[in-house]
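# kindly generate the corresponding structure for this input.
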Amino acid sequence: MALYLVRWPDLSCTLVTARDEDHLVYLLDEVGNPEGCRWTEYDGPLFIDFHLPVRIAIDWPEQAGRPLSPEAVQIEDLDLFAQREGLQAEVGAGDTAAEMLETIMKFAFPATAAEIYCAAPEEVLEESQLRDALRADLMLLAESSWRRAHTERNAKDDSLAKLAVAMDVPMELAKHWEAMAAATHRGDQDEHDVVDGSAEDEADRLLSPLELLDSETDRSQTIPLRGHPELTLRDEANAITAHIFRNGFLEDLHSGLPSPLVTNPRFARITDPEMKKLMIESSAKLAHWLCLREMLLEEKPEAYYQLLRVVAFRSSRNWEREAQSCEISAPEHEQACASCNYPLHPEWRCCPVCERPV
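All right, here's what the predicted structure looks like:
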């Protein structure tokens, strides 16, 4: 594994380990589009401190030679730790840490570093010169923006550019995915044999697998995802459901104020055109997901696991990991129907159960 120093198009940089540059691009894509990033292998000084977000008070003994007793250590502030804040990192205060910062600055922000490190330590830097240096270092952002705009313009006629825009990735990464998909498709075609027998025989052969869909699903929720020590099939299912269904057209249907009509089983919750749109868009997104799954699990399984973790963090990290259903309770509102006592939303004008005016 190599340690890379990565300069993002904005005024930020990252230290990250990766097997090679292809692997590095996948890792950077976990947190943002690496379009416009530049990097180098970093072998300079390194000094970073880590500490828990906890404040402690120590009552040191006044007498020399006496050890510190456990009662002399008081843990005072656990607010951040209680909110599941993890280890916090900061640059050390020694000479090695200062050398690390200078080395990073000179690669990541060369124009700004030239202003800072060429001046005498006691000299006050001129604001106009610093602004000019920062603008020079921000040219990387302008170049990245130009490339993105070019890709977006081409997305109208270029399927590869459309994929890059949809996935918010550089064209190089989209090309790599397409090449992997093509290789996988060719391999599948080579393995396909001519199917013998009638359609009825084929239907008979499919009957037993179809029956498996109705079998118990308890064990399926905890089966590990292929090749990963922590992720399960349910984690993968949650991420797919969140990305394809929850964050798609279904979110548009879900938004807005509650209506009494949607709680009355006599009325349809979704119109036929809405159902058609939901199914078409969901199937299209699912097909794209399955395409990426085939490509990445075959060639870059770590990239697929990273994709799952990113989607889960954004959309499904608090979802159930084993539950297979849940009860739908009646809405809790202060007002109730005078006839049937069904809870009523303040803006409803009729009861959805007995249909009496409020």
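# alpha carbons only for contacts and neighbour counts from here, please
Will do.
# now the lengthiest helix in the chain: how far from the chain's centre is it?
When the chain is scanned for its longest helix (criterion: DSSP state H), the result is helix 272-299. The gap between the average C-alpha position of helix 272-299 and the chain average comes to 18 Å, counting by Cα atoms, centre = their mean, to the nearest Å.
# now the element after it, going C-ward?
Tracing the chain past helix 272-299, the next element assigned as helix or strand by DSSP states H and E is helix 301-311.
# quick one: list the elements packing against that following helix.
helix 21-28, helix 233-241, helix 272-299 (3 or more Cα pairs under 8 Å, 6 or more residues apart in numbering; DSSP states H and E).
# give me whichever of those is most buried.
Scoring the helices and strands packed on helix 301-311 by mean neighbour count under mean count of other Cα atoms under 10 Å gives helix 233-241 as the most buried, with a mean of 20.
# surely Tyr4 meets Cys37?
No. Tyr4 is beyond contact range of Cys37, at 11.8 Å (criterion: Cα atoms under 8 Å).
# so those two - more neighbours on which side?
When Tyr4 and Cys37 are compared on other Cα atoms under 10 Å, the one with more neighbours turns out to be Tyr4, at 20 against 17.
# distance of that one relative to Ser325?
Using Cα to Cα, to the nearest Å, one gets 45 Å for the distance from Tyr4 to Ser325.
# same question for Lys175.
With distances defined as Cα to Cα, the gap from Lys175 to Ser325 amounts to 40 Å.
# please say which of those two ends up with more neighbours.
More crowded of Lys175 and Ser325, by other Cα under 10 Å: Lys175, with 15 against 7.
# what about the residue lying closest to the more buried one once chain neighbours are set aside, how many residues close to it?
Among residues not flanking Lys175 along the chain, Leu160 sits closest, at 6.9 Å (Cα to Cα, 6 or more residues apart in numbering). Here the neighbour count serves as a burial measure; for Leu160 (other Cα under 10 Å) it reads 18.
# before we move on, what SS does Leu160 have?
In the three-state summary, Leu160 is assigned as helix, counting by DSSP: H, G, I helix; E, B strand; the rest coil.
# tell me the phi and psi of the spatially closest residue to Lys162 that is not a sequence neighbour?
Take Lys162 and drop its neighbours on the chain: the residue closest to it by Cα to Cα, 6+ apart is Ala155, 4.2 Å away. As for Ala155, its main-chain torsions (degrees, to the nearest 10) stand at phi -60, psi -20.
# how far away is Ala155 from Asp218?
The spacing between Ala155 and Asp218, counted by Cα to Cα, is 43 Å.
# between those two, tell me which one has more neighbours.
For Ala155 versus Asp218, the count of surrounding residues by other Cα under 10 Å is larger for Ala155: 17 against 11.
# for Ser283, see how far away the more buried one is.
When Cα to Cα is the yardstick, Ala155 and Ser283 sit 21 Å from each other.
# quick one: the helices in this protein?
Using DSSP H, the helices of the chain run over residues 21-28, 79-82, 95-108, 110-118, 127-137, 139-154, 159-167, 171-191, 199-212, 233-241, 249-254, 272-299, 301-311.
# what is the longest one packed up against?
Looking back up the chat, that one is helix 272-299. Helix 272-299 makes packing contacts with helix 171-191, helix 249-254, helix 301-311 when contacts are defined by 3+ Cα pairs under 8 Å, 6+ apart.
# give me the low-pLDDT residue ranges for the stretch 251-358 of the chain?
Flagging of the stretch 251-358 of the chain using pLDDT under 70 yields the residue ranges 253-269, 328-334, 345, 347-348, 352.
# ok so, going back, quick one, what contacts the residue nearest to Lys175?
For Leu160, the set of contacting residues under the criterion of Cα atoms under 8 Å, 6 or more residues apart in numbering consists of Met171, Ala174, Lys175, Glu178.
# quick check on those: which are buried?
The neighbour count (16 or more other Cα atoms under 10 Å) marks Met171, Ala174, Glu178 as buried among those.
# distance of the nearest residue to the second one once chain neighbours are set aside from Tyr304?
Going back to what we said before, that points to Ala174. Among residues not flanking Ala174 along the chain, Ala164 sits closest, at 5.4 Å (Cα to Cα, 6+ apart). As defined by Cα to Cα, Ala164 lies at a distance of 17 Å from Tyr304.
# cool, Gly248 as well?
The value you get for Gly248 to Tyr304, if Cα to Cα is used, is 21 Å.
# more neighbours: which of these two?
For Gly248 versus Tyr304, neighbours defined as other Cα under 10 Å are more numerous around Tyr304 (19 against 16).
# from memory that one sits against Glu294, does it?
No. Shown here, Tyr304 and Glu294 do not form a contact pair, counting by Cα under 8 Å, at 9.3 Å.
# between those two, which contacts overlap?
Here Tyr304 and Glu294 have no joint contacts, going by Cα under 8 Å, 6+ apart.
# just the buried ones among the contacts of Leu160 now: which is nearest Glu71?
Compare each of the buried ones among the contacts of Leu160 with Glu71 using Cα to Cα and the shortest gap goes to Ala174, at 59.0 Å.
# quick one: contacts for the closest one?
Neighbouring residues of Ala174 by Cα under 8 Å, 6+ apart: Leu160, Ala161, Leu163, Ala164.
# my guess is Thr222 meets Glu236, correct?
No. In terms of Cα under 8 Å, Thr222 does not count as a neighbour of Glu236; the distance is 10.9 Å.
# how much space separates Gln324 from Asp43?
Computed as Cα to Cα, the Gln324 to Asp43 distance reads 50 Å.
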